[in-house]
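A.B. asks: Would you be able to build a 3D model of this:
(chains A, B, C and D)
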Protein chains: 2
Amino acid sequence: MKKYVIISNDIRNKILKGEYIANQRLPFEKDLCVQYESSKMTIKKAVDILVTEGLIIKRRGSGTFVKDLNPEEIERIAMANQFRGTTALYSDKKVFSKILNFSIVTVPEQAAKKLNLSEDTFVYDICRVRYVDDKPVVIEKMYMPIDLIPGIKEKNIKGSIYEYIENELHLKIQSAHRTVSVRKATDSEAEELGLEEGDPVAIAEQVGYLDTGNTFEFSTSIHRYDEFSVEMVLTRD
Amino acid sequence: MKKYVIISNDIRNKILKGEYIANQRLPFEKDLCVQYESSKMTIKKAVDILVTEGLIIKRRGSGTFVKDLNPEEIERIAMANQFRGTTALYSDKKVFSKILNFSIVTVPEQAAKKLNLSEDTFVYDICRVRYVDDKPVVIEKMYMPIDLIPGIKEKNIKGSIYEYIENELHLKIQSAHRTVSVRKATDSEAEELGLEEGDPVAIAEQVGYLDTGNTFEFSTSIHRYDEFSVEMVLTRD
DNA sequence: AAGTGGTCTAGACCACATT
DNA sequence: ATGTGGTCTAGACCACTTC
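C.D. replies: The predicted structure is shown next:
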């Protein structure tokens, strides 16, 4: 394990345990260098993780201070900006899928753009409703190039596609770009999600990348409005 | 200007201009060291900015590669994870506020928690509807401690409060934690936003911090569903 | 085996705030 | 004036691919 991650975790724990108290000054970086037997750069890296997470703030010439956060806020910070599929997100609950469509088609125009594919490429066209504890929470439509993600079977899309990609194909999912917006549910969406027509839904359009840099997924998720929220930490510069 | 930012910008421009092409390998870091007359650490920092933005990917032992992105995606990346007020966000449009409430009250319980204040603190209680090009797009309710942000007048909340805080009070806004969710508009919200009751609205709950680490703002924004979207880059580790 | 990026160090110099 | 955190260097060693 990386030294700066270990140090970062250690400091975070001390904040969570109340060993470093809100608005209190943390030890100076040069003291942390001694304490953790590390160089300045390593300590800075460790501390900057916590700055990015929003737990602490630094002031040049003055020191580093614990932010004035309530426990809920801290809890959220730990969850924010993580990239998890539905199965992993609700790992303590029962997740299953109702499959609405599973076929192979030539890539539709919008998806071709997002996936940066030529128009004549074959992709999976998957549409499924994800149930959590027997309640429908999201409709997922996704396109994936068959060349990149070969061998998907119906049983895979009943469970976690991400698990199939990572554990069976041994590919590494690296990141995703997501756009969240809001609109009214269409008739058929409402029916699948157990909503009334015109009820709110959250739309998450996502483009996913492997660690090879290849775009492997373009998906649109339609979420029940009462089962959706997303956390962010924004910074000014 | 910091060297690694200059280098990062330079490389980004070369990608945008097509000088480095999708799926192509970037020069090795040791070559970039020579080219930019920098050390390994500085180059790594510069390149890692672009990795975080999602423009490129790195593979140890193999090299650094430009991601296979379409132009729209690249455009979005530049916008993502920025922290801007409504006025700055719509800087090319006409923004004004209709003030629904502007008073000073003892802090309500929920806001006290979020702002980490004791129950008997005075805060501004501001509620305004923001119009962009004469169309209502968002209702903002916000609480700010009067001690931290003194001297707000009605004219300030008609315009940009963030501008007042930064330009007149010379305080620095550092970051914010935001939670986005979705629900149906209440009767009164619908009226202010020109919607029907029960139409979708996006709710953004936000806690804002100064660079001193002080929590200066707890706000809840109720957005018209057709005028709301948010971008994110998620990473797996 | 050679070459990549990743981590870490010890120390220089700078910008900024005041312990 | 002193001490903080911020940037940068030159070089060591490690983990991973195969240029």
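A.B. asks: so how many other residues sit close to residue A:68?
C.D. replies: Neighbour count for residue A:68, taken as other CB atoms under 10 Å in any protein chain shown: 18. All C-beta spots, glycine's among them, are computed from the backbone N, C-alpha and C.
A.B. asks: helix/strand/coil for it?
C.D. replies: For residue A:68, the assignment made with DSSP: H, G, I helix; E, B strand; the rest coil gives coil.
A.B. asks: Tell me which residues touch it, please.
C.D. replies: Contacts of residue A:68 were listed using CB atoms under 8 Å, 6 or more residues apart in numbering or on different chains, and they are A:22, A:23, B:116, B:213, B:214, B:215.
A.B. asks: Phi first, then psi, for the spatially closest residue to the last one that is not a sequence neighbour.
C.D. replies: In space, and not counting its chain neighbours, residue B:215 is closest to residue B:115: 4.9 Å by CB to CB, 6 or more residues apart in numbering or on different chains. Torsion angles at residue B:115 (phi, psi; degrees, to the nearest 10) stand at phi -90, psi 0.
A.B. asks: so how far is residue B:204 from residue B:115?
C.D. replies: 17 Å (CB to CB, to the nearest Å).
A.B. asks: okay, those two: which has more neighbours?
C.D. replies: For residue B:115 versus residue B:204, neighbours defined as other CB under 10 Å are more numerous around residue B:115 (23 against 20).
A.B. asks: of the contacts of residue A:68, closest to DNA strand D?
C.D. replies: When these are compared for distance to DNA strand D, the smallest value, 12.7 Å, is given by residue B:213; criterion: CB to the nearest atom of the strand.
A.B. asks: List the contacts of the one residue in chain A that gets nearest to chain B.
C.D. replies: When you check chain A against chain B by CB to the nearest CB, the closest residue turns out to be residue A:200, at 3.1 Å. When contacts are counted by CB under 8 Å, 6+ apart, residue A:200 is found next to A:182, A:183, A:184, A:185, A:225, B:182, B:183, B:184, B:199, B:200, B:201, B:225.
A.B. asks: Tell me how far the residue nearest to it when sequence neighbours are not counted lies from residue A:227.
C.D. replies: Once its chain neighbours are removed from consideration, residue A:200 has its nearest residue in residue B:200; the separation is 3.1 Å (CB to CB, 6+ apart). If you measure residue B:200 against residue A:227 using CB to CB, the figure is 14 Å.
A.B. asks: lowest confidence element among the helices and strands of chain A?
C.D. replies: Counting by mean pLDDT, DSSP states H and E, chain A has its least confident helix or strand at helix A:71-79, which shows a mean of 67.
A.B. asks: residues near residue A:222, how many?
C.D. replies: Other residues lying near residue A:222 total 22 when counted by other CB under 10 Å.
A.B. asks: In CSV, list the C-alpha atoms belonging to whichever strand or helix holds it.
C.D. replies: In this assignment (DSSP states H and E), residue A:222 forms part of strand A:215-224. In CSV, the C-alpha atoms belonging to strand A:215-224 read as follows (Å, rounded to 0.1, in the frame of the first residue of the first chain):
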residue,chain,number,x,y,z
THR,A,215,-15.0,3.7,-24.5
PHE,A,216,-16.8,0.5,-23.5
GLU,A,217,-20.3,1.8,-22.6
PHE,A,218,-22.9,4.4,-23.4
SER,A,219,-25.8,4.1,-21.1
THR,A,220,-28.9,6.0,-20.1
SER,A,221,-30.4,5.3,-16.7
ILE,A,222,-33.9,6.4,-15.9
HIS,A,223,-34.3,6.5,-12.1
ARG,A,224,-37.3,6.7,-9.9
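A.B. asks: Partner strands of it and their direction?
C.D. replies: Partner strands for strand A:215-224, per DSSP bridges, with pairing direction: strand A:135-145 (antiparallel), strand A:200-210 (antiparallel).
A.B. asks: give me phi/psi at whichever residue of chain A sits closest to DNA strand D?
C.D. replies: In chain A, the residue that lies nearest DNA strand D is residue A:61 (3.0 Å; CB to the nearest atom of the strand). Listed backbone geometry of residue A:61 is phi 80, psi -10, with angles given as degrees, to the nearest 10.
A.B. asks: what about it, distance to residue B:38?
C.D. replies: When CB to CB is the yardstick, residue A:61 and residue B:38 sit 26 Å from each other.
A.B. asks: now swap in residue A:71 and tell me
C.D. replies: Looking at residue A:71 against residue B:38, where the rule is CB to CB, the gap reads 43 Å.
A.B. asks: ditto for residue A:141
C.D. replies: If you measure residue A:141 against residue B:38 using CB to CB, the figure is 45 Å.
A.B. asks: can you check residue A:187 too?
C.D. replies: Distance, residue A:187 to residue B:38, using CB to CB: 59 Å.
A.B. asks: ok, those two, which is more surrounded?
C.D. replies: Relative neighbour count places residue B:38 above the other of residue A:187 and residue B:38, with 19 against 9, counting by other CB under 10 Å.
A.B. asks: Give me the contact list for stretch A:34-50.
C.D. replies: Outside stretch A:34-50, the residues that reach it (CB under 8 Å, 6+ apart) are A:3-5, A:7-8, A:10-12, A:15, A:26-27, A:29-30, A:32-33, A:56, A:58, A:64, B:41.
A.B. asks: cool, stretch A:9-23 as well?
C.D. replies: With CB under 8 Å, 6+ apart, stretch A:9-23 has contacts from A:26, A:36, A:46-47, A:50, A:53, A:55-56, A:65-69, A:74, B:116, B:213.
A.B. asks: Report the lowest-confidence entry in the residues you listed.
C.D. replies: By predicted confidence, these are weakest at residue A:74, whose pLDDT stands at 70.
A.B. asks: Now do the strands in chain A.
C.D. replies: Secondary structure of chain A by DSSP state E: the strands cover A:56-59, A:63-66, A:95-106, A:122-132, A:135-145, A:173-184, A:200-210, A:215-224, A:229-235.
A.B. asks: The fourth one vs strand A:95-106, what angle?
C.D. replies: The reference is to strand A:122-132. 160 degrees (axes from the mean of the first three to the mean of the last three CA atoms, to 10 degrees).
A.B. asks: List the buried residues for strand A:122-132?
C.D. replies: By neighbour count, and taking 16 or more other CB atoms under 10 Å in any protein chain shown as the criterion, the buried residues in strand A:122-132 are A:123, A:124, A:125, A:126, A:127, A:128, A:129, A:130, A:131, A:132.
A.B. asks: Need the max-distance pair from these.
C.D. replies: Farthest apart among the buried residues of strand A:122-132 by CB to CB are A:123 and A:132. That separation is 26.8 Å.
A.B. asks: Name the nearest residue to residue A:137, sequence neighbours excluded.
C.D. replies: For residue A:137, ignoring the flanking residues on the chain, the nearest one in space by CB to CB, 6+ apart is residue A:227 at 4.3 Å.
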